[in-house]
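Visitor: here you go, sequence then predicted model.
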Amino acid sequence: MKNKLWVEAYRPKTIDEYVFTDDRLKAQVEGWIKDQMIPHLLLSGDPGTGKTTLAKILINALDIQDYDVMEINASRERGIDIVKNKINGFAQTMPFGRMKIILLDEADYTTADFQAALRNDMEAYADTVRFILTCNYEMKIIPALRESRCNKIHISKPDRTEFTARAATVLVNENIEFDLDTLDSYVRATYPDLRRCLNQLQMNSSTGKLVTPHATGANENELLVEATSLFKAGKILEGRQQLMQYISLYPTRIEDTYKWMYDNLDLWGDSQSKKDTAIIAIRNGLAQLPLVGIPEISLAATLIELTS
């Protein structure tokens, strides 16, 4: 599939292809499909864990035609006028089939006013329209939506072994030569975001062999892969410098970097006591972010604690 993005080529298309981490959720979704009806839904979970994919599988399984579906990415369209004009305009007309569905991706980017207006629409058009909201951070959704209007579904991240196996399967299917240590660096840098992982694997295997990207001219994901490789190799100072370069170029990724440090506790020590110490250092660094003002200083101090 050289001319197609792997993330699209390997995206599950049916309920049987979708990898559930919770059997109860699978049974619930299968029940909705059997009944050919869903409630309003709020799908939450880490980026790249399959929230939008599950939403689209549901829409297809319910046999909702394209003209009865509206998709909105709230990270780009989040003004209150989107609700007043675009969503209202679509919702107030009768569906061609059984129902209309409005899929609102990245709903946690919207304001409280946007969400309050959306709540009103959910009530006004409940007979003919179902809303499916996806978000990374459930607590950024107002209580009226997340607690009473929507059926909440949390998409748990796969364990790292499963994540690695899925990435390796794609590489094997694409006839890419790779070693497990190089693949592990990509997994550590992108977990649990499989979409991000596959994009990076495809970008760095164009010769038929998976390589570790070099820092010079690398994008933000490649910089993190390179930093991961350096820490794994015991090149602590170089790894620190690489991570500091990463944050100086992409300062908005500071919280994601702390999450990466937490997801890779074994980089900071094999024993449980060292991992416990690392967790406290990471917690303290996060707590200092709003106080220090310059994120690089907090990150530098945290890295010193982690690698001393």
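Guide: Everything's here; your move. Because the structure is predicted, anything quoted here is derived from the model rather than measured. Numbers count the residues shown, from 1 in each chain.
Visitor: okay, now the unreliable bits of the stretch 151-300 of the chain?
Guide: Applying pLDDT under 70 to the stretch 151-300 of the chain flags residues 214-218, 292-293.
Visitor: now do the residue of the chain positioned farthest from its centre, the pLDDT please.
Guide: Ranking residues of the chain by C-alpha distance from their mean position (CA atoms, centre = their mean) puts M94 at the top, at 33.6 Å. Looking at M94, its pLDDT reads 94.
Visitor: from the centroid of this protein, which residue is nearest?
Guide: In the chain, the centroid-proximal residue (CA atoms, centre = their mean) is P47; its distance is 0.5 Å.
Visitor: which one is it nearest to, not counting chain neighbours?
Guide: D193 (4.9 Å; CB to CB, 6 or more residues apart in numbering). The way it works is simple: take the backbone N, C-alpha and C, and place the C-beta from them, glycine included.
Visitor: before we move on, back to that, any idea how far the closest residue to the residue farthest from the centre of the chain other than its chain neighbours lies from A91?
Guide: In this structure, M94 finds its nearest non-sequential neighbour in T128, 6.4 Å apart by CB to CB, 6+ apart. Distance, T128 to A91, by CB to CB, to the nearest Å: 8 Å.
Visitor: higher neighbour count, the two?
Guide: Using other CB atoms under 10 Å, the more surrounded residue of T128 and A91 is A91, with 19 against 15.
Visitor: mind checking pLDDT for the closest residue to that one other than its chain neighbours?
Guide: What sits nearest to A91 in space, not counting adjacent residues and going by CB to CB, 6+ apart, is Y125, at 4.4 Å. Per-residue confidence (pLDDT) for Y125: 95.
Visitor: based on its surroundings, how many neighbours for Y125?
Guide: A total of 20 residues lie near Y125 under the criterion other CB under 10 Å.
Visitor: give me the phi and psi for it.
Guide: phi -120, psi 30 (degrees, to the nearest 10).
Visitor: which stretches of the stretch 101-250 of the chain form helices?
Guide: Along the stretch 101-250 of the chain, the stretches classed as helices by DSSP state H, counting those that start in this stretch are 112-124, 143, 160-173, 180-190, 194-203, 220-232, 236-249.
Visitor: next, format those helices as JSON lines and append distance to N151.
Guide: Shown next, in JSON lines, are the helices of the stretch 101-250 of the chain (distance: least, CB to CB, whole Å):
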{"stretch": "helix 112-124", "distance to N151": "12"}
{"stretch": "helix 143", "distance to N151": "15"}
{"stretch": "helix 160-173", "distance to N151": "26"}
{"stretch": "helix 180-190", "distance to N151": "30"}
{"stretch": "helix 194-203", "distance to N151": "24"}
{"stretch": "helix 220-232", "distance to N151": "34"}
{"stretch": "helix 236-249", "distance to N151": "38"}
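Visitor: looking at it, the residue nearest to M94 is touching P95, isn't it?
Guide: Yes - taking CB atoms under 8 Å as the definition, T128 is a contact partner of P95 at 5.6 Å.
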